[in-house]
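Q: Predicted model follows, preceded by the sequence.
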Amino acid sequence: MRFFKIKRYFSLLVLFGFLVLILLYSKVSVFANEDMDEFCEMERIESECDKLSPNECRKILEKCDKYFQEKSAELEKDIAHTKEEKRTLQNQISLLQNKIKKLNYQIYQNNLMIKDLSFQINDTQASIEKTSLKIKDSKEKLSAILREIYEQDQRSTLEILLGEDKLSDFFDNLVALEVLNSKNKELLEDIKKLKENLQNQKKALDEEKEELEGIVKVQTLQKQESAEAKKQQEYYLKLTESEYQRQLKEKKEIEKKAAEIRSRIFELIGVSKAPTFGEALEIAKYVEGLTGIRPAFLLAILTQESNIGRNVGQCYLQDSKTGSGIYVKSGKKTERVMNPKRDVGPFLKICKELGRDPYHTLVSCPMSYGWGGAMGPGQFIPSTWVLYKNKVKAITGKNPDPWNIKDAFLATGIFLKELGGTKDEWTAAMRYFSGATWSKYEEFYGNSVISLAKKYQADIEVLEKQSK
């Protein structure tokens, strides 16, 4: 009997487990099929997070952060493609504009030639008409001479003897008429040839003019086609520009949502003023996801700079004009606390924005050379912090504070990434410390950072093994 009770209890347990699995699968399925754009709205996330633990809330936020990163990357590709299309259309429009300009010039030039040919044709026509008049006049003269010769030929010998004083005069007149007739015939032939040449010339000019007019018609059609093509390309360019602006706007909105989510993730990372190693590691891992900087390397830099926020400086600025100040513990005055030309102005502005008293805010003291004035766990000098504050703000969505542990971690990670810290950690460490150039006496810094990073990496690996 007891056996049957145990068996029944076991069956009920199996059934309960099966129902739990169905519910869990259903929940996962709903989440998987959820419209991520709608699900990842901050109001929706906050509503969900109210029902969940901070760790579960953070998982949702990280999933949304990954989704927006992927979407932003896709949009970046689309924007690049649309930008290329825009450039192609602009090039085509430019080519068509040049083609239209060239056709306008050719049409103008050909119209000038047609006008010139018209003048030549008119002149040739006038010459033909004058030549025709000359031919007519020559023909009339020839007719008169021929009639005279004919009349002379019809006279009898008696008439010739009675009509002329001398017989020789008659023959002289007859010879003169024959000579005149011959010359007039030659002149007439020349005039006829001239007219023929002029007519041929006019015909050639007419044909050239007609050919040019045909070319102008073709060019005018080409111009119209080019203008129409240009108009069409401008229409497509307008559509492409509209799409380009839409994509930029969408990307901006996604980046804004991603910044809100990252800011919320950052808020969920609990941290005290001087973090424990576990808290510092958690922040460093988060920064690695954004910058690619290895957590052990980031922790080594921050240890070298401020012992991860435990020592952010021992001096106060006192004189904004000279940059001098005091050691806090001893009250002893010291020069070169902060560079007045480079850093004092930005420092006063930073303190004002954060509501800090600039003359009672800890900064680093000067070393045996150079200036002090570095701020917070990352030991940023004010003029450098100004360059990175907006990059931090783009992620957290808030005005960053160089004395805030999380802001300092993030700014340091961004800075190290730009210094090449994902590829060459030692060189990035030296650049973080000394800028682009350094002496061999400063190489202790890079060596110390790499040594610390090795120790931290070993500690991180031990922690990861223990957590599994």
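A: Now that the structure is in, tell me what you want to look at.
Q: Could I get the contacting residues of Asp401?
A: Leu354, Gly376, Asp407 (Cβ atoms under 8 Å, 6 or more residues apart in numbering). Backbone N, C-alpha and C define where each C-beta goes, glycine included.
Q: Also Asp190?
A: With contact set as Cβ under 8 Å, 6+ apart, Asp190 has no partners.
Q: Quick check: which element contains it?
A: Following DSSP states H and E, one finds Asp190 within helix 167-268.
Q: average pLDDT for that helix?
A: Taken as a whole, helix 167-268 has an average pLDDT of 74.
Q: Could you point out the helix or strand that follows that helix?
A: Next element after helix 167-268 (DSSP H and E): helix 277-291.
Q: mind listing what's buried in that following helix?
A: Buried residues in helix 277-291, defined by neighbour count with 16 or more other Cβ atoms under 10 Å: Glu279, Ala280, Leu281, Glu282, Ile283, Ala284, Tyr286, Val287, Glu288, Thr291.
Q: The contacts of Asp401 in helices, which ones?
A: Among these, the members falling in helices (DSSP state H) are Leu354, Asp407.
Q: Out of the contacts of Asp401, who's the most crowded?
A: Gly376 (27 neighbours; other Cβ atoms under 10 Å).
Q: Look up how far Arg356 lies from it.
A: Distance, Gly376 to Arg356, using Cβ to Cβ, to the nearest Å: 11 Å.
Q: just Ala458 next, same as before
A: Distance, Ala458 to Arg356, using Cβ to Cβ: 38 Å.
Q: These two - which one has more neighbours?
A: Higher neighbour count among Ala458 and Arg356: Arg356, with 15 against 11, using other Cβ under 10 Å.
Q: helix, strand or coil for that one?
A: Of the three states, Arg356 takes coil according to DSSP: H, G, I helix; E, B strand; the rest coil.
Q: Could I get the phi/psi values of it?
A: phi -100, psi 150 (degrees, to the nearest 10).
Q: Strands along the protein, start to end?
A: With strands called from DSSP state E, the chain shows them at 315-317, 325-327, 333-334.
Q: Adding mean pLDDT, distance to Leu133 and mean neighbour count, write those strands out as a markdown table.
A: Shown next, in a markdown table, are the strands of the chain (pLDDT from 0 to 100; distance: least, Cβ to Cβ, whole Å; neighbours: other Cβ atoms under 10 Å):
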| stretch | mean pLDDT | distance to Leu133 | mean neighbour count |
| --- | --- | --- | --- |
| strand 315-317 | 95 | 111 | 23 |
| strand 325-327 | 95 | 114 | 19 |
| strand 333-334 | 95 | 117 | 14 |
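Q: quick one: which of the ones you listed is nearest Ala296?
A: For the strands of the chain, the distance to Ala296 is smallest for strand 315-317, at 30.1 Å, taking Cβ to Cβ.
Q: Centre-most residue in the chain?
A: What sits nearest the mean C-alpha location of the chain, by Cα atoms, centre = their mean, is Lys83, with 6.5 Å.
Q: Setting aside sequence neighbours, what's the nearest residue to it?
A: Of all residues not flanking Lys83 in the chain, Tyr244 sits nearest, at 6.5 Å (Cβ to Cβ, 6 or more residues apart in numbering).
Q: so the one you found touches Ile79, yeah?
A: Yes. Counting by Cβ atoms under 8 Å, Tyr244 touches Ile79, with 6.9 Å between them.
Q: of all the strands of the chain, which lies closest to Leu239?
A: Once the strands of the chain are compared by Cβ to Cβ, strand 315-317 is nearest, at 57.3 Å.
Q: which helices and strands sit right next to that closest one?
A: Applying 3 or more Cβ pairs under 8 Å, 6 or more residues apart in numbering; DSSP states H and E, one finds that strand 315-317 contacts strand 325-327.
Q: how much distance is there from the strand it packs on to the middle of the chain?
A: For strand 325-327, the separation from the chain centroid amounts to 50 Å (computed by Cα atoms, centre = their mean, to the nearest Å).
Q: Each with direction, which strands does it pair with?
A: strand 315-317 (antiparallel), strand 333-334 (antiparallel) (DSSP bridges).
Q: nearest to Ile135, of those strands?
A: With Cβ to Cβ, the closest approach to Ile135 among the strands paired with strand 325-327 belongs to strand 315-317: 113.9 Å.
Q: Please work out which residues outside the closest one touch it.
A: By Cβ under 8 Å, 6+ apart, the residues outside strand 315-317 that reach it are 323, 325-328, 334, 337-338, 344, 347, 358-366, 372-373.
Q: Sort out for me which of these are in helices.
A: Of the contacts of strand 315-317, the ones assigned to helices by DSSP H are Val344, Phe347.
Q: Weed out the non-buried ones from the contacts of strand 315-317.
A: 323, 325-326, 337-338, 344, 347, 358, 361-366, 372-373.
Q: Low-confidence regions, the protein specifically.
A: For the chain, applying pLDDT under 70 flags the ranges 1-34, 134, 138-139, 141-142, 144-181, 183-185, 187-188, 258-274, 467-468.
Q: Quick check: can you list the domain ranges of it?
A: Per the record, the chain has its domains at 2-70, 79-265, 270-467, by automatic domain parsing.
Q: Could you look over those and pick the most buried one?
A: For the domains of the chain, the largest average neighbour count (mean count of other Cβ atoms under 10 Å) is found in domain 270-467, namely a mean of 18.
Q: And that one, how far out from the chain middle?
A: Mean-position distance between domain 270-467 and its chain equals 35 Å (Cα atoms, centre = their mean).
Q: Tell me the spacing between the residue nearest to Lys83 and Asp78.
A: Per Cβ to Cβ, Tyr244 is found 9 Å from Asp78.
Q: residues contacting the residue lying closest to Glu305 once chain neighbours are set aside?
A: Counting by Cβ to Cβ, 6+ apart, Gln379 is the residue found nearest to Glu305 once chain neighbours are left out, at 4.1 Å. Listed by Cβ under 8 Å, 6+ apart, the contact partners of Gln379 are Glu305, Ser306, Val312, Ser364.
Q: pretty sure the third one is in contact with Ile405, am I right?
A: Spelled out, that is Val312. No. Using Cβ under 8 Å, Val312 is not in contact with Ile405, being 10.1 Å away.
Q: returning to that earlier point: now the strands paired with strand 325-327 as TSV including distance to Asn104?
A: Formatted as TSV, the strands paired with strand 325-327 follow (distance: least, Cβ to Cβ, whole Å):
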stretch	distance to Asn104
strand 315-317	70
strand 333-334	77
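Q: As CSV, could you dump the C-alpha coordinates of stretch 378-385?
A: Taking C-alpha atoms only, stretch 378-385 is exported to CSV below (Å, rounded to 0.1, in the frame of the first residue of the first chain):
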residue,chain,number,x,y,z
GLY,A,378,41.1,57.3,-13.9
GLN,A,379,43.3,60.3,-13.1
PHE,A,380,42.2,62.3,-16.1
ILE,A,381,43.6,65.8,-16.4
PRO,A,382,40.7,68.3,-16.9
SER,A,383,41.5,69.1,-20.5
THR,A,384,41.5,65.4,-21.4
TRP,A,385,38.3,64.7,-19.5
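Q: Might one say that Arg44 is in contact with Glu38?
A: Yes. Arg44 lies in contact with Glu38 (Cβ under 8 Å); the separation is 6.9 Å.
Q: Thanks a lot, see you next time.
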